[in-house]
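Trainee: no FASTA, just this:
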């Protein structure tokens with residue numbers, strides 16, 4: 001190992017165990033999941049620390065989110081974190097670039113270490129309270145008419161069909177998020193990013209040249225500034241690249257819709273347009289019918305649209321609701337709720 005992971009917990013692995021486990025760990029984003037330990041990043045170095053599995057109490061996702069996505073005037077700009085609780089309540093928070101990597105880490109951890117809780121203590125209490133409220137609400141629901149029962153059944157069949165190929169709905173959601181983020185970001189940000197990145201490269205060249213020429217002084221600071229600028233803006237995906245440009249983003253969106261349309265072509269009267277073909281949309285439609293707010297799939301879709309429109313920057317939601325909104329609202333915003 002070039003960089004031996006630093007232990008955060010009072011529990012330690014034997015050096016030989018650590019070397020083997022780190023080498024074979026599953027790398028997901030900047031972190032890693034081994035058989036014996038979790039490997040966590042520092043701000044600059046991936047998998048810089050480790051915590052033995054035996055010391056881990058909870059692992060969960062935390063998301064800091066911008067206001068713009070809810071208002072419709074901005075984007076769902078979010079900063080995802082993986083939080084690990086260990087040694088009687090100590091926490092290590094790891095920043096990720098992509099939220100789906102945090103989700104993938106938690107999904108893999110749930111399969112390999114099912115004894116580890118994947119929610120915070122506060123969230124666990126809220127979930128128990130919500131479950132009790134949900135059960136009470138279900139008892140108070142009005143009885144469904146035969147027609148409404150048929151609508152719920154057809155929506156469930158559509159959900160089951162989509163979940164046979166979940167990657168298609170996920171691709172549709174990711175493409176909508178990328179398009180929303182790109183179109184709502186100011187072009188001036190990209191020009192500023194390009195300018196600072198260019199200065200960064202210049203700083204690197206000048207700093208290295210000064211060091212080689214033996215000039216010393218501030219040369220090392222120029223090089224460090226250049227490296228920081230280049231890595232920072234490369235990481236933020238602000239710079240236009242072969243993948244991060246309007247043409248590529250629209251092509252990705254069209255491909256995801258074409259793939260979904262082809263998958264749905266064998267069905268008749270699918271309850272939503274292809275652009276909204278996501279299990280979360282259908283489940284929210286189901287809830288609208290079960291709660292007596294809609295009597296048909298068409299009415300249920302309108303209820304979902306109104307609910308999403310009502311979410312603004314002043315509305316606080318639970319993590320489960322947040323995950324649903326982030327997954328589907330960009331799809332509706334891009335289509336202007338048509």
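Mentor: Arrived safely, thanks for sending. Everything numeric in this text was worked out from a predicted model, so none of it was measured. Numbering: from 1, shown residues only.
Trainee: what about stretch 121-139, average pLDDT?
Mentor: For stretch 121-139, mean pLDDT rounds to 83.
Trainee: and it, how far out from the chain middle?
Mentor: 24 Å (Cα atoms, centre = their mean, to the nearest Å).
Trainee: low-confidence ranges in the stretch 201-338 of the chain?
Mentor: Applying pLDDT under 70 to the stretch 201-338 of the chain flags the ranges 201-245, 312-317, 319.
Trainee: what's near enough to touch the residue nearest to residue 58 when sequence neighbours are not counted?
Mentor: Among residues not flanking residue 58 along the chain, residue 85 sits closest, at 4.1 Å (Cβ to Cβ, 6 or more residues apart in numbering). For the C-beta atoms, the positions are set from N, CA and C on the backbone; glycine is no exception. The contact partners of residue 85, taken as Cβ atoms under 8 Å, 6 or more residues apart in numbering, are 56, 57, 58, 59, 60, 91, 120.
Trainee: so can I have TSV of the residues you listed showing secondary structure, distance to residue 297 and neighbour count?
Mentor: Formatted as TSV, the contacts of residue 85 follow (DSSP: H, G, I helix; E, B strand; the rest coil; distance: Cβ to Cβ, whole Å; neighbours: other Cβ atoms under 10 Å):
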residue	secondary structure	distance to residue 297	neighbour count
56	strand	44	22
57	strand	44	16
58	strand	39	18
59	strand	38	27
60	strand	35	20
91	strand	44	14
120	coil	36	18
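Trainee: tabulate the residues you listed (JSON lines), appending distance to residue 296.
Mentor: Converted to JSON lines, the contacts of residue 85 look like this (distance: Cβ to Cβ, whole Å):
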{"residue": "56", "distance to residue 296": "48"}
{"residue": "57", "distance to residue 296": "47"}
{"residue": "58", "distance to residue 296": "43"}
{"residue": "59", "distance to residue 296": "42"}
{"residue": "60", "distance to residue 296": "38"}
{"residue": "91", "distance to residue 296": "48"}
{"residue": "120", "distance to residue 296": "39"}
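Trainee: ok now do the residue nearest in space to the middle of the chain, which residues does it touch?
Mentor: Centroid-nearest residue in the chain, with Cα atoms, centre = their mean: residue 99, separated by 2.5 Å. For residue 99, the contact set (Cβ under 8 Å, 6+ apart) comprises 61, 63, 78, 80, 326.
Trainee: hmm, the second one is touching residue 93, no?
Mentor: No: look at residue 63 against residue 93 with Cβ atoms under 8 Å: they stay out of range, at 11.7 Å.
Trainee: which neighbours do these two share?
Mentor: Counting by Cβ under 8 Å, 6+ apart, the residues touching both residue 63 and residue 93 are residue 81.
Trainee: neighbours around the nearest residue to residue 45 once chain neighbours are set aside, how many?
Mentor: Sequence neighbours aside, residue 3 is the residue nearest to residue 45 in space, at 6.6 Å (criterion: Cβ to Cβ, 6+ apart). Neighbour count of residue 3, defined by other Cβ atoms under 10 Å: 11.
Trainee: does residue 3 count as helix, strand or coil?
Mentor: coil (DSSP: H, G, I helix; E, B strand; the rest coil).
Trainee: how much space separates it from residue 47?
Mentor: Distance check for residue 3 against residue 47: by Cβ to Cβ, to the nearest Å, it reads 8 Å.
Trainee: now swap in residue 180 and tell me
Mentor: Counting by Cβ to Cβ, the separation of residue 180 from residue 47 is 32 Å.
Trainee: again with residue 95
Mentor: For residue 95 relative to residue 47 (Cβ to Cβ), the value is 13 Å.
Trainee: joint contacts of these two?
Mentor: Common neighbours of residue 95 and residue 47 (Cβ under 8 Å, 6+ apart) are 30, 41.
Trainee: more neighbours: which of those two?
Mentor: Comparing residue 95 with residue 47 by neighbour count (other Cβ under 10 Å), the higher total belongs to residue 47, at 22 against 16.
Trainee: tell me the SS of the spatially closest residue to the more buried one that is not a sequence neighbour?
Mentor: Leaving aside its chain neighbours, residue 47 sits nearest to residue 39 (3.9 Å; criterion: Cβ to Cβ, 6+ apart). Taken by three-state DSSP, the conformation at residue 39 corresponds to strand.
Trainee: how many neighbours does residue 39 have?
Mentor: Residue 39 has 24 nearby residues by other Cβ under 10 Å.
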